[in-house]
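J.: Sharing a sequence plus its predicted fold:
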Amino acid sequence: MSVIVNQLTKVYGTQIAVNHISFTAEPGKIVGFLGPNGAGKSTTMKMITGFIPPSDGTATVCGFDINTHSMDVRKCLGYLPENNPLYLDMYVKEFLAFVAGLQQLNNVESRIKEMIEQTGLEREQYKKISQLSKGYRQRVGLAQAMLHDPKVLILDEPTTGLDPNQLVEIRKLIKQLGKEKTVILSTHIMQEVEAVCDQVVIINKGLIVANDETKNLQAAALQQVTYVVEFDQVIQKQDLLKIVGVIAAQALADKSWVLQTNTLVDVRKNIFDFAVKNNLVLLSIQKEEEKLEDIFRKLTSN
């Protein structure tokens, strides 16, 4: 049931879209696949699903090689692409029945009923897809991806277009599916990663720049705390670095500084004592903790 990506590469002419990346997605875990626009996320997903061939490297899905056993790979995975292609002139149930026919399912009616219930399409099941909102069309795409009960789910921006209530429902569904299946989830929403994903893979310019458990990246984000301070007089950098716990200082203005600190030490008292000792007035002090979003920005910025 695992997905193993090994030195996967995609080249378009002289442009390297994906550059020899490797990672593993295990059963029972939801892997958040993150990166800025154009980083290579969708290209990687298309290669894993057999939608496009790789230029080099390979991947295996449930033990099947994407280069030599493409049809076996497709049978054991469900795929919701970024653009979610649907037949707009079909009714919801008609479309799901059509997909079930392509998958050669036996228990068609019961599976369609189950997927409609799981994705919250009960009230919309007799409508044409063209009449649905973007959020409900996304639900139809998710239903078709899960219809044949695949062991692996690859979801490219699955919550696009959902309202806040729908977001909660679909995230809950994905979280439940992640207990039984291997799920690779692409998203730009950091709150979604923190709420749903067990592992995070970050890609930037075709290269993997981070691959770790979500809790470890969250812990890394909390390793440092920043304070923005303002005094009533001009301060020298070398003096600020003498404060216990301060590991870096950057000037915002003559009297304002950004102080990077070690979270093992709460430096607010030390900063206050420094001000008193040097006959300074501490006009303001503001604490700013790093978040997972800050790590993402640092790893994917130019």
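T.: Arrived safely, thanks for sending.

J.: quick one, phi psi at the nearest residue to Gln103 once chain neighbours are set aside?
T.: Spatial nearest neighbour of Gln103, excluding adjacent residues (C-beta to C-beta, 6 or more residues apart in numbering): His148 at 4.2 Å. The way it works is simple: take the backbone N, C-alpha and C, and place the C-beta from them, glycine included. The phi/psi pair for His148 (degrees, to the nearest 10) reads phi -90, psi 20.

J.: cool, and Ser130?
T.: Per degrees, to the nearest 10, the backbone of Ser130 is at phi -60, psi -20.

J.: who's in contact with it?
T.: By C-beta atoms under 8 Å, 6 or more residues apart in numbering, the contact list for Ser130 reads 88-89.

J.: Which residue ranges of the stretch 51-200 of the chain form strands?
T.: 56-61, 64-65, 77-80, 152-156, 182-186, 199-204 (DSSP state E, counting those that start in this stretch).

J.: OK, contacts around the residue nearest to Gln103?
T.: 75, 78, 100, 103, 105, 111.

J.: what do you get for Ile30?
T.: So Ile30 contacts 174-175, 178, 183-185, 196-199 (C-beta under 8 Å, 6+ apart).

J.: Could you rerun that using 10 Å?
T.: By C-beta atoms under 10 Å, 6 or more residues apart in numbering, the contact list for Ile30 reads 153, 155, 174-175, 177-179, 181-185, 193, 196-200, 214.

J.: Ok, Ile4 next?
T.: So Ile4 contacts 22-26, 58-61, 63, 65 (C-beta under 10 Å, 6+ apart).

J.: Any idea what it is bridged to?
T.: Using DSSP bridges, the beta-bridge partners of Ile4 come out as Thr24, Thr60.

J.: What separation is there between it and Ala39?
T.: For Ile4, the distance to Ala39 (C-beta to C-beta, to the nearest Å) stands at 21 Å.

J.: per-residue pLDDT, Val244?
T.: Among the per-residue scores, Val244 shows a pLDDT of 89.

J.: try Glu289
T.: 67.

J.: Kindly report the same for Gln224.
T.: Reading off the model, Gln224 has pLDDT 69.

J.: Just give the number of residues close to Gln144.
T.: 23 (other C-beta atoms under 10 Å).

J.: Spatially, which residue comes closest to it, not counting chain neighbours?
T.: Val99 (4.7 Å).

J.: ditto for Ile112
T.: Leu96 (4.7 Å).

J.: Equivalent analysis for Ile285, please.
T.: Nearest non-adjacent residue to Ile285 (C-beta to C-beta, 6+ apart): Val229, at 4.9 Å.

J.: The strand or helix carrying that neighbour pairs with which strands?
T.: Taking DSSP states H and E as the definition, Val229 sits inside strand 224-231. Here strand 224-231 is paired, per DSSP bridges, with strand 256-262 (antiparallel), strand 282-289 (antiparallel).

J.: where along the stretch 151-300 of the chain do the helices fall?
T.: 164-177, 190-196, 214-221, 237-240, 268-277, 292-300 (DSSP state H, counting those that start in this stretch).

J.: Go through the strands paired with strand 224-231 and pick out the most buried.
T.: Greatest average neighbour count among the strands paired with strand 224-231 goes to strand 256-262 (a mean of 18), per mean count of other C-beta atoms under 10 Å.

J.: Restrict that strand to CA atoms and write it as CSV.
T.: The C-alpha trace of strand 256-262 is given here as CSV (Å, rounded to 0.1, in the frame of the first residue of the first chain):
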residue,chain,number,x,y,z
SER,A,256,13.9,49.6,17.4
TRP,A,257,15.3,46.0,17.1
VAL,A,258,14.3,42.5,16.2
LEU,A,259,15.9,40.1,18.7
GLN,A,260,16.1,36.4,17.9
THR,A,261,16.2,34.3,21.1
ASN,A,262,16.6,30.8,22.4
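
J.: by how many degrees do it and helix 268-277 diverge?
T.: 140 degrees (axes from the mean of the first three to the mean of the last three C-alpha atoms, to 10 degrees).

J.: Out of the helices and strands in the protein, which is least certain?
T.: Every helix and strand of the chain was ranked by mean pLDDT, DSSP states H and E. The lowest is helix 214-221, at a mean of 77.

J.: I am finished for the moment; much appreciated.
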